[in-house]
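Asks: predicted model, plus sequence, below.
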Amino acid sequence: MAKFYGSVGYVTTVETSPGIWTEQLTVRRYRGDLLRNRRRYESGSKINGDIDISNEVSIVADPYAREHFFQIRWVEFQNSKWTVSDVTVDYPRLTLTLGGLYNGTT
């Protein structure tokens, strides 16, 4: 089992002024294990296909991660940010399933 150490991005929506909501990013670093390492290429009807990884990363959850696991948006893996498509709470760990490349708030 390979080891993992990287950044996890949490995105919250906050009201910056009356009626105006923006996304606020919090980045935290975690260590854990890489449970599954695989990729899938989806060509579909596009000229250039999308790479989708179905990796599973198990991180040791601190109190912040346990309280805000529903706000996890991305994980930095192999120098790229990948969307977190699923989070499983396996106390004291969180298992994060990764999907496609993340293109949101960084």
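Replies: Received the coordinates, thanks. Source: prediction; values computed, not measured.
Asks: would you check that R31 makes contact with V57?
Replies: No: counting by C-beta atoms under 8 Å, R31 stays clear of V57, with 10.2 Å between them. Every C-beta, even on glycine, is put in place using the N, C-alpha and C of the backbone.
Asks: L98 bridge partners, please.
Replies: Beta-bridge partners of L98, counted by DSSP bridges, are V84.
Asks: check which helix or strand covers the most centrally placed residue in the chain.
Replies: For the chain, the residue nearest the mean C-alpha position is W74 (2.6 Å; C-alpha atoms, centre = their mean). Assigned by DSSP states H and E, W74 falls within strand 72-77.
Asks: give the pairing partners of that strand; include direction for each.
Replies: Assessed with DSSP bridges, strand 72-77 is paired to strand 2-17 (antiparallel), strand 80-90 (antiparallel).
Asks: dig out what the residue nearest to the centre of the chain forms beta bridges with.
Replies: Counting by DSSP bridges, W74 is bridged to G9, T83.
Asks: looking at the protein, which residue reaches furthest from the middle?
Replies: P18 (29.9 Å).
Asks: can you give me the neighbour number for the closest residue to R38 other than its chain neighbours?
Replies: Distance criterion C-beta to C-beta, 6 or more residues apart in numbering; nearest residue to R38, sequence neighbours excluded, is S54 at 5.2 Å. Look at S54: counted by other C-beta atoms under 10 Å, it has 14 neighbours.
Asks: can you tell me which residues contact T22?
Replies: 13-14, 16 (C-beta atoms under 8 Å, 6 or more residues apart in numbering).
Asks: helix or strand right after the helix or strand bottoming out on mean pLDDT in the chain?
Replies: Within the chain, no helix or strand scores below strand 39-42, which has a mean of 67 by mean pLDDT, DSSP states H and E. Next helix or strand after strand 39-42 toward the C-terminus (DSSP H and E): strand 50-53.
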